[in-house]
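[1] what follows is a protein structure lacking sequence information:
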């Protein structure tokens, strides 16, 4: 099956700093999403981005499908950005479900 | 946006009893739903794929007789943990995909077996 890696595993930032989270995947995919898991466990959709670039406020994401990676940018981080960020991919050759990366645990300090 | 509702959000049960978790797609029909399990500080691992009107497909290593899945309608899938033991304590999350594209997740259920 598809393998998904994320880096860094842990990240500590001061409020206001910028950061880049990376997701590498082992095979071509037709679906990629970024999620934020809040402290209560809820997974929040951030981006549906199988290719290209999207922006939503302080967050933006870029997926280069031909090189099998995706980046999530967080600018001017806030304490509410803390939590775990997951990249999840899907390829119908492997099934309908999403395969999750191990996540990046982000802590933003005041 | 699409909403997936999961209930209960938290449950504590005695060892040996069974617990049922419901997952509903509130504003769209989902022919397929997915059940994931998440241990503390780990990622989500797929347990099974729930198909409306047919048997669920379980991932390797997941006991189908312990984790019973029923997908009786296009908006409801249930996961029943039978004869629960402390090692079944975990965070269970359901998911449904709208239009085969975006995945939406329930709030999760934190199960504690004592």
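    Cool, got the structure. Everything quoted here is computed from the prediction, not taken from an experiment.
[2] from here on, just use CA atoms for contacts and neighbour counts.
    Will do.
[3] for chain A, which residues are neighbours of chain B?
    Proximity of chain A to chain B (CA under 8 Å from any CA of the partner chain) is limited to residues A:31, A:33, A:41-45, A:48, A:97, A:99-103.
[4] interface residues of chain B facing chain A?
    B:34, B:42-46, B:49, B:101-102, B:104-108.
[5] okay, among those residues, which ones form the most distant pair?
    Of all pairs drawn from the residues of chain B next to chain A, the one with the longest distance (CA to CA) is B:42 and B:101, at 24.6 Å.
[6] more neighbours, these two?
    residue B:101 (15 against 12; other CA atoms under 10 Å in any protein chain shown).
[7] and for that one, nearest residue in space, chain neighbours not counted?
    Excluding the flanking residues, the one nearest residue B:101 by CA to CA, 6 or more residues apart in numbering or on different chains is residue A:31, at 7.0 Å.
[8] same check, this time on residue B:30
    Residue B:30's closest residue in space is residue B:74 (CA to CA, 6+ apart), at 5.2 Å.
[9] over to residue A:26?
    residue A:3 (5.2 Å).
[10] all strands of chain A, in order?
    A:4-7, A:10-14, A:19-25, A:31-37, A:43-48, A:52-56, A:59-64, A:69-74, A:83-90, A:99-100, A:104-109 (DSSP state E).
[11] need the per-residue pLDDT for residue B:2.
    Listed pLDDT for residue B:2 reads 66.
[12] for residue A:53, same thing?
    pLDDT, residue A:53: 98.
[13] determine how far the last residue of stretch A:91-100 lies from the first.
    12 Å (CA to CA, to the nearest Å).
[14] can you give the contact residues for it?
    Contacts to stretch A:91-100, defined as CA atoms under 8 Å, 6 or more residues apart in numbering or on different chains, come from residues A:1-4, A:28-31, A:86-90, B:34, B:43-46, B:49.
[15] buried set for that stretch?
    A:91, A:96, A:97, A:98, A:99, A:100 (16 or more other CA atoms under 10 Å in any protein chain shown).
[16] residue ranges with poor pLDDT in chain B?
    B:1-2, B:98-100 (pLDDT under 70).
[17] kindly report the same for chain A.
    For chain A (pLDDT under 70), the answer is none.
[18] ok, residue A:7 touching residue A:104?
    Yes: between residue A:7 and residue A:104 there is a contact under CA atoms under 8 Å: 6.4 Å.
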